[in-house]
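Enquirer: Here's a sequence, model it:
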Amino acid sequence: MNFFAVDLGATSGRTLLGSLTENGLEQRELTRFANTIIQVNGHYFWDIYALYNEIIKGLKKVAEEGITIQSIGVDTWGVDFVCVGKDGQLLGNPYSYRDPHTFGIMEEYFKLVPKEKVYEKTGIQFMNFNSLFQLAALRKEKSSILEAADKILFVPDCLSYMLTGKMVTEYTIASTSQILNPVTKELDKHLLDAIHVRQDQFAPIVFPGTQVGVLTPEIQQITGLGAVPVIAVAGHDTASAVASVPAMNANFAYLSSGTWSLMGIEANEPIINEKSYEANFTNEGGVEGTTRFLKNICGMWLLERCRKEWKENYDYGSLIEAAMKVPAFQSLISPDSPCFANPVSMIEAIQNYCRVTGQYVPKTYGEITRCIFDSLALRYRQVMNLLRDMAGFPIERLHIIGGGSRNQQLNQFTSNAVSMPVTTGPVEGTAIGNIMLQAKAAGLVNTIGEMRQLIANSIETQEYLPQDAELWDKGYEKYLSVYREDI
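Expert: Residues are numbered from 1 along each chain as shown. Below you'll find the predicted structure:
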């Protein structure tokens, strides 16, 4: 059987074909395209119609190659949403979570509902761009789009709607919003009432593996395909990625490495207590009723922004080679400091952080790259220590998945920093999770355990063992001495 996966990240997207054969899972990329933030009238938007058009291109390619697909699944980044009018038309492009209109909104919202109560109800990490605060920002601005919205659809659900004409709210993507209660698995009326948004403005919640509908007659005609089912996979890309972790037992942590680094564990129940609140951890929905207890960490966004600023088009090989000539821990930053969220110049933001904290100010591309790699690995150690304290089981191995898992030097640094074995792969974790959840919906596998076993048998992994413990202990001491959350 063949499955069509749409995997959309915050910088790029692709369509893929996944097949289950006697040799296991096979996949190939059909199309790849940029996902570009549009800046207009002082705001940042995603081009939802361009993304839809890219999906159509991928479907046309499938039809042109004469391939029969069993189903289609869409996963994307979290929190962002599209407003839909009573006539079913989209009310403009969705705001990007990078838009500054949410700055300061959390503090205003907490005057309506106390911060502790918001966390008690949702267990979600506080980030100014969470859907709850985006909605609060729109309400404050008296947004005509929100005023006219009959339905609010998260991005993957919106794309599924554009393909099928059917509206759902997929559970894992809704869980990123800071509106959903992970215990009741329903949207919280009290949190929505505070900003005059109604529960019925959201479509019914469905869980991964649910069929949304089939391609509309219009799309069937455009693409040359038939009434192919569209499945609500784990719509949040990290939820699909975590489903692909080839773990052989439950005693593992994961790091989904890409634009964001998402580090966490898979828990049977939400972990909502004083410790998780103080550490600002999040409880997001997983497959088969699990909870992804994790923390969002600013990942390769740091380096990708620097690469855009450097006039030379440095590839990763050149960056790593230059970085390894720089002394370890010469300059360190806190990757999640607010100054790195969306600065005009990432290079200047890094240099200023080091200047303010009394460190050597990195200047060359090698020095800046080394600063980023060292800092990310040490941030992973900081978060891993918190996970160990709250997990309730021994964490014996870290699985790194996603595009960042190809960075062998950072993988070794991470193993050194967290003092445990690291297994990397799959690189295409999100797409594989998407495909395998479609396969589960088709009845080809029955449980997440079966999924993971099949994935483990189908991919190549690499193991890293910790080295230089004393050096990394000293590096961590320096990291803690310059760690700041107010720059």
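Enquirer: could you show me where the helices are in the stretch 151-300 of the chain, in order?
Expert: With helices called from DSSP state H, counting those that start in this stretch, the stretch 151-300 of the chain shows them at 155-164, 171-174, 189-193, 217-223, 237-243, 274-278.
Enquirer: How about the stretch 301-450 of the chain?
Expert: Along the stretch 301-450 of the chain, counting by DSSP H, counting those that start in this stretch, helices occupy 301-309, 316-323, 346-356, 365-390, 408-418, 429-441, 448-458.
Enquirer: Contacts only, for residue 82.
Expert: 48, 90, 91, 93, 94, 152, 153, 154, 155, 158 (CB atoms under 8 Å, 6 or more residues apart in numbering). Where you see a C-beta, it was placed from the backbone N, CA and C, and this is true even at glycine.
Enquirer: now do 6 Å
Expert: Listed by CB atoms under 6 Å, 6 or more residues apart in numbering, the contact partners of residue 82 are 90, 94, 153, 158.
Enquirer: from these, which single one is nearest residue 72?
Expert: Of all the contacts of residue 82, residue 158 has the smallest distance to residue 72: 14.5 Å, by CB to CB.
Enquirer: burial of the closest one, as a residue count?
Expert: 25 (other CB atoms under 10 Å).
Enquirer: hang on, the earlier thing: will you turn the contacts of residue 82 into JSON lines that also has pLDDT and distance to residue 180?
Expert: Output for these, formatted as JSON lines (pLDDT from 0 to 100; distance: CB to CB, whole Å):
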{"residue": "90", "pLDDT": "98", "distance to residue 180": "23"}
{"residue": "94", "pLDDT": "98", "distance to residue 180": "18"}
{"residue": "153", "pLDDT": "98", "distance to residue 180": "15"}
{"residue": "158", "pLDDT": "98", "distance to residue 180": "17"}
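Enquirer: returning to that earlier point: just so I know, which of the helices of the stretch 301-450 of the chain lies nearest residue 28?
Expert: Short answer: helix 429-441, nearest of the helices of the stretch 301-450 of the chain by CB to CB, at 10.3 Å.
Enquirer: ok, residues contacting the closest one?
Expert: Contacts of helix 429-441 (CB under 6 Å, 6+ apart): 3, 5, 7, 16, 18, 20, 71, 73, 75, 208-209, 231, 233-234, 237, 240-241, 243-244, 401-402, 426, 445, 451.
Enquirer: model confidence over it, on average?
Expert: The average pLDDT for helix 429-441 rounds to 96.
Enquirer: can you check stretch 376-391 too?
Expert: Taken as a whole, stretch 376-391 has a mean pLDDT of 97.
Enquirer: for stretch 47-54, same thing?
Expert: Mean per-residue pLDDT for stretch 47-54: 98.
Enquirer: so how far is that stretch from its chain's centroid?
Expert: How far stretch 47-54 lies from its chain's middle: 19 Å, per CA atoms, centre = their mean, to the nearest Å.
Enquirer: Buried ones in that stretch, by neighbour count?
Expert: Buried residues in stretch 47-54, counting neighbours by 16 or more other CB atoms under 10 Å, are found at 47, 48, 51, 52, 54.
Enquirer: Including distance to residue 174 and secondary structure, could the residues you listed go into a markdown table?
Expert: A markdown table is the format used below for those (distance: CB to CB, whole Å; DSSP: H, G, I helix; E, B strand; the rest coil):
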| residue | distance to residue 174 | secondary structure |
| --- | --- | --- |
| 47 | 23 | coil |
| 48 | 18 | helix |
| 51 | 19 | helix |
| 52 | 21 | helix |
| 54 | 24 | helix |
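Enquirer: Quick check: the two most widely separated of these?
Expert: The span of the buried residues of stretch 47-54, defined through CB to CB, is set by 48 and 54 at 10.8 Å.
Enquirer: Relative to residue 139, which of the contacts of residue 82 is nearest.
Expert: Checking these against residue 139 by CB to CB gives residue 94 as the nearest, at 15.9 Å.
Enquirer: ok, now which ones touch the closest one?
Expert: By CB under 6 Å, 6+ apart, the contact set of residue 94 is 46, 48, 80, 81, 82.
Enquirer: picking up where we left off before, nearest to residue 315, of the helices of the stretch 151-300 of the chain?
Expert: In terms of CB to CB, the element of these nearest to residue 315 is helix 237-243, at 24.6 Å.
Enquirer: Distance from the closest one to the middle of the chain?
Expert: That offset, for helix 237-243, works out to 8 Å (CA atoms, centre = their mean).
Enquirer: go on, stretch 229-243?
Expert: For stretch 229-243, the distance to the chain centre is 11 Å (CA atoms, centre = their mean).
Enquirer: same check, this time on stretch 290-304
Expert: 7 Å.
Enquirer: start the count at 102, not 1, going forward
Expert: Let's use 102 as the start, then, which means that last one is stretch 391-405.
Enquirer: got the contact list for that stretch?
Expert: Residues outside stretch 391-405 that contact it (CB under 6 Å, 6+ apart): 343, 358, 360-368, 371-372, 382-385, 387, 436-437, 441, 473, 480, 484, 505.
Enquirer: so residue 324 makes contact with residue 161?
Expert: Yes: if you go by CB atoms under 6 Å, residue 324 and residue 161 touch, sitting 5.2 Å apart.
Enquirer: Secondary structure class of the residue nearest to residue 205 when sequence neighbours are not counted, three-state.
Expert: Distance criterion CB to CB, 6 or more residues apart in numbering; nearest residue to residue 205, sequence neighbours excluded, is residue 229 at 7.8 Å. Here residue 229 is recorded as coil under DSSP: H, G, I helix; E, B strand; the rest coil.
Enquirer: from the contacts of residue 195, which is closest to residue 415?
Expert: Nearest to residue 415 among the contacts of residue 195, counting by CB to CB, is residue 147 at 27.6 Å.
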